[in-house]
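In: What would the 3D arrangement of this be:
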Amino acid sequence: MSACVPTRDEPLRIHQPHSPPPTRPRRFRIAGADVSASIAVFLIALPLSLGIALATGAPLQAGLVAAAVGGLVAGRLGGSPLQVSGPAAGLTVVTADLIHRYGWRTTCAITVLAGLTQLGLGCLRVARSALAVSPAVVHGMLAGIGVTIAVAQLHIVLGGTPQSSVPDNLRALPAQLADLHPAAVSVSVLTLALLLLWPRLPGRVGRLLRKVPAALVAVAGATAAASLAGLTLPKVDLPTWSSHALAGLPEGPVLGLVAAVLTTTLVCSVQSLLGAVAVDKLVAGRPGLPARVRRSDLDRELLGQGAANIVSGSLGGLPVAGVAVRSAANVQAGAVSRNSTMLHGVLVVIAALLMVPILELIPLASLAALVMAVGIQMVSLHHIRTVTRHREVLVYAATTLGVVFFGVLEGVTLGIAVAVALSLHRLARTRITHDEKEGVHYVHVRGQLTFLAVPRLSRALHLAPQGTHVVVELDGSFMDHAAYESLQDWQNTHTAQGGSVEVTGRRAGIRIAEPESLAGSGTSEPTADLAPGRAGCRCRPWTPWRNHQCELPQSALSAGDEHPGEPRRGGETSSHQLARGIRAFQRHTAPLVRGELARLAREGQRPSQLFLTCADSRLVTSMITSSGPGDLFVVRNVGNLVPPPGEESGDDSVAAAIEYAVDVLEVRSITVCGHSGCGAMQALLSSEPGSPRTPLRRWLRHGLPSLERMADDSRPWARLTRRAPADAVEQLSLTNVVQQLEHLRAHESVARALKDGALELHGMYFHVGEAQAYLLTEVDGDAVFDHVRAADLSA
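Out: Residues are numbered from 1 along each chain as shown. Sure thing, here's the model as predicted:
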C-alpha cells in the first residue's frame with residue numbers, strides 16, 4: 001500500500017485569519033428562503049385568521065389585524081426568531097367568552113391590559129417559571145379548548161348558530177341535526193375532505209402539490225365549488241376599514257375584568273413560550289440551521305408578545321400568541337431569520353387592503369369546518385398516551401373537563417389542584433413488602449420513606465428472624481430523619497445479634513444516596529454514591545467502564561461479587577472481570593431493564609437510526625447518544641469505513657447492515673461517527689510502500705479516498721468550529737467522516753430512501769479527551785463540525 005500523505009506546503013496547514021476588511025454600512029437584505037417561507041406561512045395564516053375571528057364572534061377584520069401585528073411586532077421584537085404569532089385557536093374560547101360578557105370594545109381593552117401584564121412579567125424575567133406548569137395541565141387546557149371549538153363550530157357546519165357554552169351546544173345539537181342546511185353541510189364536507197386528503201396525495205405530482213397548504217386548498221376549493229354551483233350561503237362580510245371598531249375603556253365589574261386579564265395573559269404567555277421551545281427543537285433538527293439561528297430568549301419573547309397584544313388590542317385586533325401550525329410551517333419551509341415572519345405580516349396587510357372582494361366570496365361554513373378541524377387536532381392522542389404513560393391522565397382529564405364545563409381559568413386551576421393533590425398522594429404513599437428466598441429476607445420499600453411509613457417499615461423489618469441475611473431495597477429518592485433513625489436502629493440491633501444487612505437503592509440504575517453511617521456498621525454494605533456492583537466504592541457510577549484501581553474494604557464485599565484471594569481490579573484476569581461484570585448486571589441492572597427488554601422481545605426492534613462508528617473501545621455509543629435498548633442499530637468497524645458499492649472486499653457485512661437497516665428496519669437516519677486518536681487513521685498516514693498485505697491493510701484501503709481527499713488542494717478541508725484540528729490524524733478523521741458519507745450515498749437503498757425523503761444522513765466527530773461531540777454542518781459549501789453544547793439540548 002503506498003503512502004498517501006498530504007502534499008500541501010505543511011503536513012497540516014492552518015489558515016490564519018486575515019485582518020478584518022474596512023467596515024461598510026450594512027445593507028438590509030432578505031434571503032430568498034425567507035421570502036418563500038413567508039409566502040407559505042401567509043397562505044396558511046389568511047384562512048385561519050378569518051376562521052378564528054368567526055369562531056370568537058369578533059369582527060372578521062380583527063383576525064387580519066392580529067395576524068399582521070403578530071408578524072410585524074412580535075416577529076420584530078420577540079425572542080424566538082422563527083416563531084410566527086397571530087390569532088391562535090387556543091385563545092378562541094377565552095375571547096368568545098369575553099365578547100359575550102363585555103362586548104368587543106372592552107375585549108380589545110382587556111387585550112391591551114394583558115399585553116401590559118406580559119411586559120411586566122418579561123421585565124421580571126419569569127418566563128422560565130411559566131414552563132413549570134405540568135404538561136398534563138397545559139395539554140389538558142388545549143384539549144378542552146379544542147373540544148369547545150369543535151362543538152361550537154359544528155353548529156355552523158350544519159347551517160345553524162352556536163350557543164354560548166358547551167352544555168348548551170350539546171343540548172341544541174339534536175334540534176340542529178333535525179334541521180340541516182344541505183348547502184352548508186356540502187361545503188363543509190368538501191372542506192374537510194380536502195383537508196384530510198390533500199396531505200396524502202401520492203407520487204411525485206403529489207409531493208409537488210403538497211407544497212400548497214392544505215388549509216388554503218380546502219377553503220379555496222370549497223369557495224370555488226359554492227360559487228360555481230350558485231349556492232346561497234352566508235359568506236365573509238368585511239366592512240370598510242373606516243367603520244372598524246377600536247378599543248374602548250373597559251366597562252364591567254373590576255374583579256371580572258381582572259380575572260379576564262389574568263386568563264388572557266396566562267393562555268397567551270404559556271402558548272407562546274411552549275411554542276418557542278417547540279420551535280427550538282424544530283430548528284435543532286434542521287442540518288446547518290442551529291449555527292445561523294439563535295436559541296429563543298424566552299423573556300424577550302414574552303416582551304415581544306406583550307407589545308404585540310398592546311398594538312393589536314389598540315387597533316381592534318384579536319389577542320396574539322405564538323401559533324404552532326404556522327411556526328412549524330415557517331421552519332419546514334426553510335426560513336433562516338425573523339424576516340420571514342415579518343414579511344408574512346406585510347403580506348397579510350396587503351391582502352387586507354387589496355383582496356377584500358376575493359375574501360368576501362368565502363362561505364362561513366367552510367371557515368367553520370376549517371376551525372373545527374383545528375379544534376379536533378388540539379385533542380392529541382399522542383399527548384393522551386404520554387400523560388397515561390406518566391400516570392397523569394387524571395390531571396389531564398380534570399383540566400379538560402374543567403375547561404369544557406367551567407371555563408379556561410377555572411379548568412386550569414382545577415388541573416393544578418389535582419396535580420398538587422396527586423403529587424402529595426405519591427409522596428405520602430409508600431409500599432413496603434417482605435419476601436424470603438433461599439434463606440435471604442428481602443424488604444422492598446417503594447416510594448418516599450417518611451415518618452408516615454415508619455410503623456409499616458418497622459413491622460416488615462421485624463419479620464426477619466435473628467441471625468439472617470436481610471436485603472433492604474430502597475426504591476425511592478427521599479428518606480426523612482425519622483425513617484433514617486428507625487432503619488439505623490434496627491440495623492444496629494440486627495447485626496449485633498449475628499445477622500447481616502445489605503441496604504441497596506435503585507433509581508435509574510444507580511444506588512440511592514443515603515447517610516454514610518446508615519450502612520457503615522457490621523457486615524452491611526455502604527451505599528452512598530455507589531455504582532452498581534461496587535460496594536464501598538467512592539468512585540463515580542461510570543468507573544466500572546474503565547480499568548480503575550479501586551480500594552474496597554473487605555467488609556464491603558457482596559456475596560458472590562468477589563472472593564478473598566482473587567486479584568483486585570487492576571490485576572485480575574479477564575475472565576474474572578467478565579464474570580464480575582455479568583454478576584453485577586444480573587443483580588443490579590437486569591431487574592431495571594427486564595420489563596423494557598421483554599417488550600422489545602415481543603414487539604421486535606424498531607430502531608430510529610443506524611449508527612456507524614469505529615470499533616475503538618473508548619466510544620460507548622449508548623453513552624454519547626443517551627440511548628437505550630432498541631434505539632440504535634449499531635455497526636462498528638476499524639476506522640468507521642463504508643466500502644463503496646461494487647467493491648470486491650471479501651466482506652459485505654457493512655453493505656448488508658446498511659441494506660437491512662434501510663429496507664427492513666426503515667431507520668429514519670444514518671450517522672457516521674469518527675473520533676479523535678483513531679488508530680486506523682494513524683495507520684493510513686504512516687503506511688509505507690510495499691507493506692505486507694495483511695487483513696487490516698486490505699480493509700484500510702477503503703480509507704484511501706479519505707486520504708486522497710485530504711491531499712487534494714482543490715477541495716476545502718473539513719474543519720472544527722472554534723479551533724483548528726490538532727494534527728494530521730484529527731484532520732484525516734474529520735475528512736474521513738465526510739468521505740464515508742459520500743460512499744454511503746452511493747448505496748442503492750440509501751440513494752432511494754434519500755430521494756423519497758425518508759432518510760437523513762448525519763456526520764459526527766467525538767473528541768475522546770474532551771468528551772465533546774461535534775455535528776457536521778455545511779456552511780458556504782464547506783464541511784464544518786459544530787460543537788454540541790449541553791445548553792443546546794436543555795429545552
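
In: Could you measure from Asp652 over to Thr117?
Out: 65 Å (Cβ to Cβ, to the nearest Å). Where C-beta positions appear, they are placed from N, C-alpha and C, glycine not excepted.

In: got it, and Ala464?
Out: Ala464 is 60 Å from Thr117, by Cβ to Cβ.

In: So these two - more neighbours on which side?
Out: Between Ala464 and Thr117, counting by other Cβ atoms under 10 Å, Ala464 is the more crowded of the two (22 against 19).

In: For the more buried one, which non-adjacent residue is spatially closest?
Out: His441 (4.1 Å; Cβ to Cβ, 6 or more residues apart in numbering).

In: Which residues are in contact with that neighbour?
Out: His434, Asp435, Leu463, Ala464, Pro465, Thr468, His469, Val470, Val471 (Cβ atoms under 8 Å, 6 or more residues apart in numbering).

In: Need phi/psi at the third one.
Out: Spelled out, that is Leu463. Note on Leu463: its backbone torsions stand at phi -80, psi -20 [degrees, to the nearest 10].

In: what's the answer for the first one, then?
Out: Main-chain dihedrals, His434, degrees, to the nearest 10: phi -130, psi 140.

In: From His494, how far out is it?
Out: Distance from His434 to His494, by Cβ to Cβ: 14 Å.

In: And the strands in the stretch 651-795 of the chain?
Out: 669-675, 719-720, 760-767, 772-779, 782-787 (DSSP state E, counting those that start in this stretch).

In: Mean neighbour count, the ones you listed: which tops it?
Out: Comparing the strands of the stretch 651-795 of the chain by mean neighbour count (mean count of other Cβ atoms under 10 Å), strand 669-675 ranks first with a mean of 24.

In: other SSEs contacting it?
Out: strand 609-614, helix 728-745, strand 760-767 (3 or more Cβ pairs under 8 Å, 6 or more residues apart in numbering; DSSP states H and E).

In: For this structure, which residue occupies the most central location?
Out: Residue closest to the average C-alpha location in the chain (Cα atoms, centre = their mean): Lys281, at 5.6 Å.

In: Could you tell me whether that residue really is in a strand?
Out: No: under DSSP: H, G, I helix; E, B strand; the rest coil, Lys281 falls outside any strand and is assigned helix.

In: about what we covered before: out of the contacts of His441, which end up buried?
Out: Ala464, Thr468, His469, Val470, Val471 (16 or more other Cβ atoms under 10 Å).

In: Tell me which of these fall in strands.
Out: If you go by DSSP state E, the buried ones among the contacts of His441 have His469, Val470, Val471 in strands.

In: residue contacts, the second one?
Out: Val470 makes contact with Val440, His441, Tyr442, Val443, Leu461, Ala464, His494, Gly499, Ser500, Val501, Glu502, according to Cβ under 8 Å, 6+ apart.

In: What distance do you get for it to Glu485?
Out: Taking Cβ to Cβ, one finds Val470 at 18 Å from Glu485.

In: can you check Val320 too?
Out: 57 Å.

In: And Ala66, by the same measure?
Out: Taken as Cβ to Cβ, the span from Ala66 to Glu485 is 61 Å.

In: Between these two, which has more neighbouring residues?
Out: Ala66 (35 against 13).

In: quick one: the more buried one is in a helix?
Out: Yes: under three-state DSSP, Ala66 falls within a helix.

In: how close does it get to Met764?
Out: In terms of Cβ to Cβ, Ala66 sits 43 Å off from Met764.

In: now do Leu347
Out: 39 Å.

In: which stretches of the stretch 251-400 of the chain have low pLDDT?
Out: 285-292 (pLDDT under 70).

In: let's go with 90 and repeat that
Out: 251-254, 256, 266-267, 270-298, 322-338, 351-383, 386-392 (pLDDT under 90).

In: Name the nearest residue to the residue lying farthest from the centre of the chain, ignoring sequence neighbours.
Out: Centroid-distance maximum for the chain: Gln497 at 54.3 Å, with Cα atoms, centre = their mean. The shortest distance from Gln497 to any non-neighbouring residue, by Cβ to Cβ, 6+ apart, is to Gln466 (4.5 Å).

In: mind listing the strands for the stretch 401-550 of the chain?
Out: Using DSSP E, counting those that start in this stretch, strands in the stretch 401-550 of the chain cover 431-437, 440-446, 469-475, 500-505.

In: what sits up against stretch 173-185?
Out: Here stretch 173-185 has contacts from 151, 154-160, 226, 231-233, 363, 365, using Cβ under 8 Å, 6+ apart.

In: oh sorry, the question was meant for stretch 254-268
Out: Outside stretch 254-268, the residues touching it (Cβ under 8 Å, 6+ apart) are 88, 90-91, 94-95, 98, 101-102, 106, 110-111, 113-114, 117-118, 121, 141, 250, 305, 309, 319-321, 407-409, 412.

In: so of the residues you listed, which ones are in strands?
Out: Ala321.

In: which stretches of the stretch 251-400 of the chain form helices?
Out: Along the stretch 251-400 of the chain, counting by DSSP state H, counting those that start in this stretch, helices occupy 254-284, 298-314, 324-332, 339-354, 356-359, 364-377, 381-389, 393-405.

In: which one of the ones you listed lies closest to Leu754?
Out: helix 324-332 (17.6 Å; Cβ to Cβ).

In: Any buried residues in the closest one, and which?
Out: Ala324, Val325, Arg326, Ser327, Ala328, Ala329, Asn330, Val331.

In: How about stretch 608-617?
Out: Gln609, Leu610, Phe611, Leu612, Thr613, Cys614, Asp616.

In: now, which of these sits nearest Val270?
Out: Nearest member of these to Val270, counting by Cβ to Cβ, is Gln609, at 32.6 Å.

In: and the closest residue in space to the closest one that isn't next to it in sequence, what does it touch?
Out: Among residues not flanking Gln609 along the chain, Ser669 sits closest, at 4.2 Å (Cβ to Cβ, 6+ apart). Residues in contact with Ser669 (Cβ under 8 Å, 6+ apart) are Ser608, Gln609, Leu610, Leu759, Glu760, Leu761, His762.

In: How much space separates Leu43 from Asn330?
Out: Leu43 is 12 Å from Asn330, by Cβ to Cβ.

In: Please name the nearest non-neighbouring residue to Leu298.
Out: Ala127 (3.6 Å).

In: What pLDDT is listed against the one you found?
Out: If you check Ala127, the pLDDT there is 82.

In: how deep is it tucked in, by neighbour count?
Out: 24.

In: my guess is it meets Gly120, correct?
Out: No: with contact defined as Cβ atoms under 8 Å, Ala127 does not reach Gly120; the gap is 12.0 Å.

In: from the contacts of stretch 254-268, which ones fall inside helices?
Out: Here DSSP state H is the test, and the contacts of stretch 254-268 give 94-95, 98, 101-102, 106, 110-111, 113-114, 117-118, 121, 141, 305, 309, 408-409, 412 as lying in helices.
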